[in-house]
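In: everything below, folded, please.
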Amino acid sequence: MKALVWHGKEDIRCDTVTDPEIQDPRDAIIKVTSCAICGSDLHLFHNFIPGMLPGDIMGHETMGEVVEVGSGMDGKLKKGDRIVVPFTIICGECDQCKRGNFSVCETTNRKRHLADKAFGHTTAGLFGYTHLTGGYPGGQAEYLRVPFADATHIKVPDGIPDEQLLFLSDIFPTGWQAAAQCDIVPTDTVAIWGCGPVGQMAIRSAILLGANQVIAIDRLPERLSMAEAGGATTINFETESVVDRLNELTDGRGPEKCIDCAGMEAHVMASQPDTVLDRAKQMVMLESDRPHVLREMIYVCRPGGIISVAGVYSGFSDKMPMGAFMNKGLTMRTGQTHVNRWTDDLLRRIEEGEIDPSFVITHTVPLEMGPEMYKVFRDKRDSCVKVVLKP
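Out: Here you go, the predicted structure:
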């Protein structure tokens, strides 16, 4: 089959690789009908996340048709079923899964010794990501083996286009969780840093959850326009002071809730002294992340507020203003998304026409064009916000 394969820093190729096979009774094989490039994939593209090996298949936003199932499926999946595959691989049986904490499943990371050393305790296995999270082949391919498929799937109805359903795999529940863990009340102002795909979903989620005002912060006109279309007030950080505008929009109190949808590559969001220093430290391996957004959120958030982190961080961050964080009595909530916790509700909202996640798609291309589209997505060329690949 054809698949997008990691060969090193900024080297993704469309290769011919071995077709996946059933390896366990709980496995299923799907024929991929749609997949996507995620901002998290760019962290791997740039080799900022440790634990990638040449030959690893990329991708964790995938859906398709079941073509083969293992003997232990017990009728939960059958050939011909149409499913979205969450990026988190879950067993559905461990203590964390029973609590709904699916992204920290205790079972599915087949290389948990690496995660134990890096994080202190293992987290869930992830598709198409670092070997710290299991080294599972990803879904930017013609076929995908889904381990623990009886639990790791979202069965979806016929009659709804892939484009409306695909993002249940990651960015829609990720944006939703980012907003949900803010405990939004009707008087809240919610400020969101980063108007990429996850940020766009967080904007709409915060509005659906009843925020009084949503403020979106970015610099790219196409992203800011998309944010405005979703109901947000926008700030272009290249032409305006984020701190001054947030104070102006909140009568000097600051936003009650702040969401980071930028993550470890926040250097692209500003040319402030701290971002330049972060980049220099990263180049000489004195720091792994560039947390400009986190620092700014702590500074501007209203005392007693909540900071929600949806953006990915990989290791160590320097110069964090813990004094301000502690003295202002802020709460921070983070985590990879517990996808299956949210998907029943989100699928219902799609079916009822409350939201159509396909609004974020700007490019749809064949799988073979994936390597070039990684560069287009990275450079934000051609007003690129979200790329869907068709095997």
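
In: buried ones in the one helix or strand Leu165 maps to?
Out: Counting by DSSP states H and E, the element that carries Leu165 is helix 162-165. Buried residues in helix 162-165, defined by neighbour count with 16 or more other CB atoms under 10 Å: 162-165. (Glycine included, C-beta is placed from N, CA and C.)

In: over to stretch 85-94?
Out: Buried, per 16+ other CB under 10 Å, within stretch 85-94: 85-92, 94.

In: closest to Cys384 out of those residues?
Out: Cys384 lies nearest to Phe87 out of those, by CB to CB, at 20.8 Å.

In: roughly how far apart are Lys319 and His292?
Out: Lys319 is 10 Å from His292, where distance means CB to CB, to the nearest Å.

In: same question, Ala36
Out: According to CB to CB, Ala36 stands 26 Å off from His292.

In: Met73: which of the buried residues of helix 162-165 is nearest?
Out: Nearest member of the buried residues of helix 162-165 to Met73, counting by CB to CB, is Leu165, at 21.5 Å.

In: the closest one reaches Val85, doesn't it?
Out: No. Contact criterion CB atoms under 8 Å: Leu165 and Val85 do not qualify, at 11.1 Å.

In: what is in contact with those two at once?
Out: Met63 (CB atoms under 8 Å, 6 or more residues apart in numbering).

In: got the residue ranges for the strands in the stretch 251-391 of the chain?
Out: Here the stretch 251-391 of the chain has its strands, by DSSP state E, counting those that start in this stretch, at 257-260, 306-309, 331-333, 363-366, 387-390.

In: please enumerate the helices of the stretch 1-150 of the chain.
Out: 39-45, 95-98, 112-119 (DSSP state H, counting those that start in this stretch).

In: picking up where we left off before, can the buried residues of helix 162-165 go into TSV with extra columns for distance to Val5?
Out: Output for those, formatted as TSV (distance: CB to CB, whole Å):
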residue	distance to Val5
Asp162	23
Glu163	25
Gln164	29
Leu165	26
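
In: now, among these, which is nearest to Glu256?
Out: Nearest member of the buried residues of helix 162-165 to Glu256, counting by CB to CB, is Gln164, at 31.8 Å.

In: so who does the closest one touch?
Out: 350, 356-358.

In: show me those that map onto helices.
Out: Cross-referencing those against helices under DSSP state H gives Ile350.

In: okay, domains of the chain per the record?
Out: Annotated domains of the chain cover 2-170+337-390, 174-333 [automatic domain parsing].

In: lowest-confidence stretch among the ones you listed?
Out: Of all those, the minimum mean pLDDT falls on domain 174-333 (a mean of 89).

In: so which strand or helix has the nearest residue to Ala211 once chain neighbours are set aside?
Out: In space, and not counting its chain neighbours, Ala211 is closest to Val190: 4.6 Å by CB to CB, 6 or more residues apart in numbering. Under the criterion of DSSP H and E, Val190 resides in strand 189-193.

In: and for that strand, what's in contact with it?
Out: Against strand 189-193 from outside (CB under 8 Å, 6+ apart): 179, 182, 184, 199, 202-203, 206, 211-218, 232, 246, 249-250, 255-262, 266, 269, 293, 296-297, 300.

In: from the buried residues of stretch 85-94, which two are the most distant?
Out: Val85 and Cys94 (19.5 Å).

In: who does the strand holding Val190 pair up with?
Out: strand 213-218 (parallel), strand 257-260 (parallel) (DSSP bridges).

In: can you list contacts of the last one?
Out: Judged by CB under 8 Å, 6+ apart, the contacts made with strand 257-260 from elsewhere in the structure are 178-179, 182-184, 188-194, 199, 202, 206, 211, 293-294, 297, 300-301, 305-311.

In: what's the answer for stretch 115-132, then?
Out: 40-41, 44, 49-53, 56-60, 62, 85, 87-90, 102-106, 108-112, 114, 133-134, 136-140, 144, 147, 336.

In: take those residues and keep only those in strands.
Out: 56-57, 62, 85, 88-89, 144 (DSSP state E).

In: would you mind giving those residues as CSV with distance to Ile171 added?
Out: Output for the ones in strands among the contacts of stretch 115-132, formatted as CSV (distance: CB to CB, whole Å):
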residue, distance to Ile171
Asp56, 21
Ile57, 20
Thr62, 13
Val85, 14
Thr88, 13
Ile89, 18
Leu144, 18
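
In: tell me the one among the residues you listed nearest to Val387.
Out: The closest of those, once distances to Val387 are taken by CB to CB, is Thr62, at 13.5 Å.

In: enumerate every residue touching the nearest residue to the closest one once chain neighbours are set aside.
Out: Counting by CB to CB, 6+ apart, Gly139 is the residue found nearest to Thr62 once chain neighbours are left out, at 2.8 Å. Counting by CB under 8 Å, 6+ apart, Gly139 touches 32, 35, 59-62, 85, 127-128.

In: great, nothing more from me.
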